[in-house]
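Engineer: Need coordinates for the following:
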Amino acid sequence: MQNYADAMRDFISNHATGLTAALVAGVGILAVRRWMAGPSCHSKVRLDGKTVLITGANTGIGKETALDMAKRGARVILACRDTTKAHIAADHIRQKSGNGNVVVKKLDLASLQSVRTLARDLVQHETRLDILINNAGIMMCPKWATEDGFEMQFGVNHLGHFLLTNCLLDLLKKSTPSRVVIVSSLVHERGRIHFDDINLDQRYQPTESYRQSKLANVLFCRELAARLQGTGVSVYSLHPGVVRSELGRHFFPELALWKRLLAWPFIMLMKNTRQGAQTTIYCAVDESLAGESGLYYSDCAPKTAAPQALDDAAAKKLWELSASMVGLA
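Structural biologist: Numbering: from 1, shown residues only. The predicted model follows:
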C-alpha cells in the first residue's frame, strides 16, 4: 500500500501541469454544458380538466412537452403523422406520468386535407382546447413538395400550422383563457419572406427555406396576437435552443465525414430534449405570461425578435398570402 501511495504522489508530481489542464478543461466543459442547457420552467401550475394539443409529439421536445403536460393532469392530444410511433410515445407518457388521458390523433401537416380532417374531429368531439402547441417541423430537407404543391418546409412549418390554428380558433375562444404556442427558431434572425417566390422555385436552398419558415412562425404569432386582442387567447413564439433531436435527420447525414467529426463535440454540448422543451412549457403554463401576447421567447424569458420579425406590414401581408394559399381567403 505504501508503494502504491508513493507511486501516486510521484505520478501527480510529474504530471501536475497536465492534470491541472485536464481539470480546468473538464470544469470548462461542464460550465459550457450548464450554460447551453439554459434555465428550466419552474411553474407548478396544474392543468387538471384542461386539454392540450401538441403537434409532432411522438419524439423530441414535443414528446417531452407532452410528458410535462400529462404530469400536470391535462388531457393531452398527440397530433402526429406517424401514428405507430405516436401510440408508442403515448404509452410511455401514460406510464411515466400516471395520467391515462393521453390520446393520439392523425395529423399530416403536409396535407391540408389532413389538417382539416383533424380540426373537424376536434371541433366535433372535444369540449375545450386550452393550449395549442404548434411544435412539429421539418428542417433542411431536399426540394420536396407537400400534397398541395407547396415547398415542404414552408408548407409544414408554417402553412399547416396556420390552417390548423385558424380552424381551431372557435374552440380556443370557447376555452379562454387559452394559449397558442408556436415553436420557431433563432435562425429566423437570418430569414426573409420571399413574397415574389414563396416556394423558392427560382433558387431553392434548404437553409434559406428553413429560415423563411421560422421567420414566418414569428410573424404569424405577431399578426395572430393582434387579431385575437381582447378575446382571451394569448399567442407566444419561441426559440427552444440548440437541441439534440431528430430534427436534423435531413441535414447531418449529408455532411462530409470530417465535418461530422468536427461537429460532434458541439453536438454533445447541445441541449437534450428535456432541456429543449423548457421554453415551450414556460410559454404554455407560466402564470407571469397571462397578460402577454405576440412576443418571442428564449431560455424561459422574453427576447427581442429580429427586425424583420417585428414588421407589422410584412406580418399582415404574410397572413393574407397564407390565407389565400390554404383556402381561407
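
Engineer: What does the pLDDT read for Thr231?
Structural biologist: Thr231 carries a pLDDT score of 98 in this model.

Engineer: any idea how far it lies from Arg120?
Structural biologist: 22 Å (C-beta to C-beta, to the nearest Å). In this view, the C-beta of every residue, glycine as well, is placed from N, C-alpha and C.

Engineer: One more: Ile93?
Structural biologist: The value you get for Ile93 to Arg120, if C-beta to C-beta is used, is 25 Å.

Engineer: Please say which of the two ends up with more neighbours.
Structural biologist: Ile93 (25 against 11; other C-beta atoms under 10 Å).

Engineer: Please, which helix or strand holds that one?
Structural biologist: helix 83-97 (DSSP states H and E).

Engineer: Quick one: distance of the helix or strand following that helix to the chain centre.
Structural biologist: Later in the chain than helix 83-97, the nearest helix or strand by DSSP H and E is strand 102-106. When distances are taken as C-alpha atoms, centre = their mean, to the nearest Å, strand 102-106 is centred 18 Å away from the chain's centroid.

Engineer: packing partners for strand 102-106?
Structural biologist: Here strand 102-106 touches strand 75-80, helix 83-97, helix 112-125, going by 3 or more C-beta pairs under 8 Å, 6 or more residues apart in numbering; DSSP states H and E.

Engineer: quick one: contacts of it?
Structural biologist: Residues outside strand 102-106 that contact it (C-beta atoms under 8 Å, 6 or more residues apart in numbering) are 53, 66, 70, 75-81, 83, 86-87, 90, 93-94, 114, 117-118, 121-122.

Engineer: what does the average pLDDT come to for it?
Structural biologist: Mean predicted confidence for strand 102-106 is 98.

Engineer: With stretch 149-169 instead?
Structural biologist: Rounded mean pLDDT across stretch 149-169 is 98.

Engineer: Just the endpoints, please. Distance across it?
Structural biologist: 25 Å (C-alpha to C-alpha, to the nearest Å).

Engineer: If we go by neighbour counts, what in that stretch is buried?
Structural biologist: Within stretch 149-169, the residues scored as buried using 16 or more other C-beta atoms under 10 Å are 150-169.

Engineer: where does the stretch 1-150 of the chain have low pLDDT?
Structural biologist: 1-37 (pLDDT under 70).

Engineer: domains of this protein?
Structural biologist: According to automatic domain parsing, the chain comprises the domains 2-31, 38-326.

Engineer: and those domains, which is most packed in?
Structural biologist: domain 38-326 (a mean of 19; mean count of other C-beta atoms under 10 Å).

Engineer: which non-adjacent residue is nearest Arg192?
Structural biologist: Gln308 (6.1 Å; C-beta to C-beta, 6 or more residues apart in numbering).

Engineer: ok, now Trp319?
Structural biologist: Glu223 (4.7 Å).

Engineer: show me what contacts that neighbour?
Structural biologist: Counted by C-beta under 8 Å, 6+ apart, Glu223 has contacts 312, 315-316, 318-319.

Engineer: What are the boundaries of the strands in this protein?
Structural biologist: For the chain, the strands defined by DSSP state E cover 51-55, 75-80, 102-106, 131-134, 178-183, 233-239, 295-298, 301-302.

Engineer: Mind putting these into JSON lines with distance to Ser43?
Structural biologist: Compiled in JSON lines, the strands of the chain are given as follows (distance: least, C-beta to C-beta, whole Å):
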{"stretch": "strand 51-55", "distance to Ser43": "14"}
{"stretch": "strand 75-80", "distance to Ser43": "17"}
{"stretch": "strand 102-106", "distance to Ser43": "20"}
{"stretch": "strand 131-134", "distance to Ser43": "13"}
{"stretch": "strand 178-183", "distance to Ser43": "13"}
{"stretch": "strand 233-239", "distance to Ser43": "14"}
{"stretch": "strand 295-298", "distance to Ser43": "14"}
{"stretch": "strand 301-302", "distance to Ser43": "13"}
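
Engineer: about what we covered before: CA-only coordinates of the helix holding Ile93 in PDB, if you can.
Structural biologist: Only the C-alpha atoms of helix 83-97 are listed here, as PDB (Å, rounded to 0.1, in the frame of the first residue of the first chain):
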ATOM      1  CA  THR A  83     -49.400   7.200 -35.500                       C
ATOM      2  CA  THR A  84     -47.500   4.000 -34.800                       C
ATOM      3  CA  LYS A  85     -44.700   6.000 -33.200                       C
ATOM      4  CA  ALA A  86     -47.300   8.200 -31.600                       C
ATOM      5  CA  HIS A  87     -49.000   5.300 -29.800                       C
ATOM      6  CA  ILE A  88     -45.700   4.100 -28.500                       C
ATOM      7  CA  ALA A  89     -44.900   7.600 -27.200                       C
ATOM      8  CA  ALA A  90     -48.400   7.800 -25.700                       C
ATOM      9  CA  ASP A  91     -47.900   4.600 -23.800                       C
ATOM     10  CA  HIS A  92     -44.600   5.800 -22.500                       C
ATOM     11  CA  ILE A  93     -46.100   9.100 -21.400                       C
ATOM     12  CA  ARG A  94     -49.000   7.400 -19.600                       C
ATOM     13  CA  GLN A  95     -46.600   5.200 -17.700                       C
ATOM     14  CA  LYS A  96     -44.200   8.000 -16.800                       C
ATOM     15  CA  SER A  97     -46.900  10.500 -15.800                       C
END
